[in-house]
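>>> Build me a model:
(2 chains)
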Number of protein chains: 2
Amino acid sequence: MNNEIKHWLSKTEEAIQTHLDNGRVSKTIRNASLYSVNAGGKRFRPYLLFSVLKSLNADLSLGVKAAAALEMIHTYSLIHDDLPAMDDDELRRGNPTNHIVFGEAAAILAGDNLLTESFNLLSNDTSLEESTRLKLIRILSECAGQNGMIGGQMLDIEGEVAAVSLEELENIHRFKTGHLISAPVQMACTIVNAEEQTASVLSRFSEKLGIIFQIRDDILDVTGDVEVTGKNTGSDERKEKTTYVSELGLEGARAQLDLMQQEAAELLKSIGNNIDTASLNEVLNRFAIREQ
Amino acid sequence: MNNEIKHWLSKTEEAIQTHLDNGRVSKTIRNASLYSVNAGGKRFRPYLLFSVLKSLNADLSLGVKAAAALEMIHTYSLIHDDLPAMDDDELRRGNPTNHIVFGEAAAILAGDNLLTESFNLLSNDTSLEESTRLKLIRILSECAGQNGMIGGQMLDIEGEVAAVSLEELENIHRFKTGHLISAPVQMACTIVNAEEQTASVLSRFSEKLGIIFQIRDDILDVTGDVEVTGKNTGSDERKEKTTYVSELGLEGARAQLDLMQQEAAELLKSIGNNIDTASLNEVLNRFAIREQ
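All right, here's what the predicted structure looks like:
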């Protein structure tokens, strides 16, 4: 990863830490919130936001609070997803999940806290104009809300009850994970006030990225090493979930991944004259599966 | 209740309904979110917001989206509070709680949804200037977050494990319920851009109101009729919760309620020359306990 982006990822982690350290009413809330933030996430959404900012030749410092808010929303969604009433997972990124460590009540509240405070952080981002902050709040709440992540999460849970088709699966992922991968791209374009055409191609790029992200996750659930993925392998199959692998087979899923990668790379080529796509190509290359 | 305020409460309910009807991804999310919004709440926080706007001689229509966001946050907190891992309540306002009707997973997500969408609604409130919207988002997220409701909720849960003193109890309530009663007052003052001195006295008024609210709740848990309160009587005692009644006795709690009422009324008198306090006195009178 680019060292400049690494620097800003670490600034993002500092911003989250500082914000949550300001929570002085309940130590449990502070500790439970920070536990999951610091449980070894890949910071993919912040990384994507900074990569887009870099491709648009922007001042990366302007993205810190937005990146922090994105990671807080992502973290809250993992905490709630892992709850017994949801996916009932005891292990995440190789560590015990939040409710295993702090109990269910604290885990529910820590998730609520990260969600609430992400909007507080954005509203106080004095490095950005007020109208920009408001746009970021709108994008993030749309991508995380009823017509984004939460809607998709509910479809996913209902899909576990009634087996779904590949088409329905793509629809679920578009909402469940796709929107929160689209959010950093939209937010970066908003911060920079990017040209409409560039923003539109980058938006399509982020949609491809969302699908790539999910296919790779499904493949790694079958082939991955618990040491690498931090998750128990084969959990999708045990839960009889419809995945790209269950529908297309392992080779079919790999072929689909390659196809999506190519399409995403072509989108980048198509705007290569307007922006510096090196950092975005790097994002894309991170998703190549090299385990075989 | 004043007919003008009633009108705007019904507009507030319409605004919530319209916003949640826009959730087109998952019918379950839409239905579960609306179920609890429409489960017969008293709309106290919106009512308080409009009462303050009225006392400040403002256009009440400006408060609709803010009132809707407040009620959505309040409703989400009730859904999550009622969960088995939290208070484990099966009855709320005389109706089965959200997770009893929709299951725990949907109840968790419906709560997350109301929380997320409340900020979306505020960010899109075009009746207000962008800087005002941003201030409202800041107030609401502060009052609902780690140094407000969520922090207090965690203290409350931990207090159930370790019995707390009356002083600690007041502290818990200040965070758990007080801040979300303070929020409508602060938000109304922000919408109107009220004079600092007036806003400061109204803020102290709202703190008293928060305590009054809680003492009354504790008294009604002992003396109330399930038909009136919609809750099973005596649940605090069964859970061995520290309450104003457990600490001061029933008569002591009543005396404390009277004292707080007087102090709140005096605060209103002290600003009576600047604003029309009739609607705020009406708010206060609603809390008189007349069941004996």
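>>> Can you tell me which residues in the stretch 151-292 of chain A are near chain B?
By C-beta under 8 Å from any C-beta of the partner chain, the residues of the stretch 151-292 of chain A that approach chain B are A:151-155, A:157-158, A:175. Placement of C-beta: from N, CA and C, glycine included.
>>> Give the PyMOL command for selecting the buried subset of those residues.
The following PyMOL line selects those of those that are buried, judged by 16 or more other C-beta atoms under 10 Å in any protein chain shown:
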select buried, chain A and resi 151+152+153+154+155+157+158+175
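>>> contacting residues around stretch A:2-15?
A:37-38, A:43, A:46-47, A:50-51, A:54, A:60-61, A:63-65, A:67-68, A:71, A:121, A:279, A:282 (C-beta atoms under 8 Å, 6 or more residues apart in numbering or on different chains).
>>> so what's the residue of the stretch 151-292 of chain A found nearest chain B closest to, chain neighbours aside?
Residue of the stretch 151-292 of chain A nearest chain B, by C-beta to the nearest C-beta: A:G151 (2.8 Å). Leaving aside its chain neighbours, A:G151 sits nearest to B:V25 (2.8 Å; criterion: C-beta to C-beta, 6 or more residues apart in numbering or on different chains).
>>> Compute the number of surrounding residues for the one you found.
Residues near B:V25, counting by other C-beta atoms under 10 Å in any protein chain shown, number 24.
>>> How about A:M1?
By other C-beta under 10 Å, 14 other residues sit near A:M1.
>>> thought it was touching A:E282?
Yes: counting by C-beta atoms under 8 Å, A:E282 is a contact partner of A:M1 at 7.4 Å.
>>> tell me which residues in the helix or strand hosting A:S200 are buried?
Per DSSP states H and E: A:S200 is located in helix A:196-223. Residues of helix A:196-223 classed as buried by neighbour count (16+ other C-beta under 10 Å): A:198-199, A:201-202, A:205-223.
>>> and what of stretch A:279-292?
Neighbour counts using 16+ other C-beta under 10 Å place A:279-284, A:287, A:289 of stretch A:279-292 among the buried residues.
>>> and which of the residues you listed is nearest to A:L115?
Nearest to A:L115 among those: A:V283, at 25.7 Å, using C-beta to C-beta.
>>> other SSEs contacting whichever strand or helix holds A:G152?
A:G152 is located in helix A:149-161, with elements delineated by DSSP H and E. On a contact count with 3 or more C-beta pairs under 8 Å, 6 or more residues apart in numbering or on different chains; DSSP states H and E, helix A:149-161 meets helix A:64-82, helix A:166-173, helix A:179-192, helix B:27-37, helix B:104-123.
>>> Just give me the lowest mean pLDDT stretch among those.
Mean pLDDT is lowest for helix A:166-173 among the helices and strands packed on helix A:149-161, at a mean of 83.
>>> could you give the angle of that helix to helix A:196-223?
For helix A:166-173 against helix A:196-223, the angle between stretch directions is 110 degrees (axes from the mean of the first three to the mean of the last three C-alpha atoms, to 10 degrees).
>>> What residues sit buried inside helix A:166-173?
For helix A:166-173, burial by neighbour count (16+ other C-beta under 10 Å) applies to A:169, A:171-173.
>>> Stretch A:18-38 too?
For stretch A:18-38, by 16+ other C-beta under 10 Å, it's A:19-20, A:23, A:25-26, A:28-30, A:32-37.
>>> next one: stretch A:88-100
Within stretch A:88-100, the residues scored as buried using 16+ other C-beta under 10 Å are A:89, A:92, A:95, A:97-100.
>>> quick one: least confident of these?
For the buried residues of stretch A:88-100, the least confident entry is A:R92, with 89.
>>> That one and A:T28, how far apart?
A:R92 sits 19 Å away from A:T28, going by C-beta to C-beta, to the nearest Å.
>>> The nearest residue to A:V52 once chain neighbours are set aside: what's it in contact with?
Excluding the flanking residues, the one nearest A:V52 by C-beta to C-beta, 6+ apart is A:A188, at 3.7 Å. Contact analysis of A:A188 by C-beta under 8 Å, 6+ apart lists A:49-50, A:52-53, A:56, A:58, A:63, A:66, A:194.
>>> A:H19 contacts A:S123, correct?
No: counting by C-beta under 8 Å, A:H19 sits too far from A:S123 to count as a contact (11.8 Å).
>>> Counting by contacts, list what the helix or strand hosting A:V52 packs against.
Applying DSSP H and E as the criterion places A:V52 in helix A:44-55. Using 3+ C-beta pairs under 8 Å, 6+ apart as the contact test, the elements touching helix A:44-55 are helix A:3-21, helix A:64-82, helix A:179-192, helix A:196-223, helix A:278-285.
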